[in-house]
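J.: Sequence and predicted model, in that order:
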Amino acid sequence: AQKVTQAQTEISVVEKEDVTLDCVYETRDTTYYLFWYKQPPSGELVFLIRRNSFDEQNEISGRYSWNFQKSTSSFNFTITASQVVDSAVYFCALSGYTGNQFYFGTGTSLTVIP
Amino acid sequence: GAGVSQSPSNKVTEKGKDVELRCDPISGHTALYWYRQSLGQGLEFLIYFQGNSAPDKSGLPSDRFSAERTGGSVSTLTIQRTQQEDSAVYLCASSLNSETNTEAFFGQGTRLTVV
């Protein structure tokens, strides 16, 4: 079975604080892909990152960084020096070997307070 | 356009009526997905198309829901005899090639309200 768990339903931080969004996944596939999407108040899901199961290197893109750890089946997302524009719902997703659907977590709503 | 386009943006319909939601994927993308997002909820998978293969309909909630994809491009999601519980945002996404698990790009969604 494929499953993604985002245990944090809502998080509030003050601007410039760092924040980490947790994502834990379950899969029996040895090849799989992990994704993060951002859904701002406008509603459209925006793709942030794709990572395959064979690449455990952490990735940094500006203020965003991702920590992929197969040993704990986690793919956490950190925003450094948060800004008000980061306020959104963030979804973690998993795609298995067959790629026939994306399994989404329930999302984490992030509010950055100015 | 460059992105996934969905129409209409908003649809209000009376209970019992049929509705059609349209999705125009990114040109060249072979995979197309429909998801449903109820208020404050996560994304619920509905159906998936990959090229000319038979679609994966495993997520359709009832036989009132159907979808087709013509010519490997535009897709239409049809809901017959709408019910109030069908009210949600219906999201369409496309990806270059699902067999290589490329990322999916989403449209802005159609907000369906059944009154």
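T.: Looks like it came in fine.
J.: who touches residue B:91 in this structure?
T.: Residue B:91 makes contacts with A:45, B:6, B:34-37, B:43, B:106-107, B:109, as judged by C-beta atoms under 8 Å, 6 or more residues apart in numbering or on different chains. From N, CA and C alone the C-beta is placed, and that goes for glycine too.
J.: Just give me the closest of those to residue A:16.
T.: Within the contacts of residue B:91, the smallest distance to residue A:16 is 26.2 Å, found for residue A:45 (C-beta to C-beta).
J.: What is the neighbour count of the closest one?
T.: 26 (other C-beta atoms under 10 Å in any protein chain shown).
J.: Residues of chain B that sit close to chain A?
T.: B:31, B:33, B:35, B:41-43, B:45, B:48, B:50, B:56, B:59, B:89, B:91, B:93, B:98-109 (C-beta under 8 Å from any C-beta of the partner chain).
J.: before we move on, the earlier item: which two from the contacts of residue B:91 end up farthest apart in space?
T.: The two members of these with the most space between them (C-beta to C-beta) are B:6 and B:43, at 14.6 Å.
J.: Name the helix or strand of chain A that has the lowest mean pLDDT.
T.: strand A:59-61 (a mean of 87; mean pLDDT, DSSP states H and E).
J.: what sits up against it?
T.: A:49, A:51, A:65-66.
J.: rerun that using 6 Å as the cut-off
T.: For strand A:59-61, contacts defined as C-beta atoms under 6 Å, 6 or more residues apart in numbering or on different chains pick out residue A:66.
J.: Direction included, what does the following helix or strand past that strand pair against?
T.: Following strand A:59-61 in sequence order, the next helix or strand is strand A:64-69 (DSSP states H and E). Strand pairing for strand A:64-69, using DSSP bridges, gives strand A:59-61 (antiparallel), strand A:74-79 (antiparallel).
J.: So for residue A:23, which of these sits nearest?
T.: Smallest distance to residue A:23 across the strands paired with strand A:64-69 (C-beta to C-beta): 4.7 Å, for strand A:74-79.
J.: Report the buried residues of the closest one.
T.: Neighbour counts using 16 or more other C-beta atoms under 10 Å in any protein chain shown place A:74-79 of strand A:74-79 among the buried residues.
J.: Tell me who's in contact with the residue nearest the centre of chain B.
T.: Central residue of chain B (C-alpha atoms, centre = their mean): residue B:34, 3.2 Å from the mean position. Contacts for residue B:34 (C-beta under 6 Å, 6+ apart) come out as B:46-47, B:77, B:92.
J.: and the helix or strand hosting it, what's its mean pLDDT?
T.: Element membership for residue B:34, per DSSP H and E: strand B:31-37. Averaging pLDDT along strand B:31-37 yields 95.
J.: one step back: show me what the residue nearest to the centre of chain B is bridged to.
T.: Beta-bridge partners of residue B:34, as defined by DSSP bridges: residue B:47, residue B:92.
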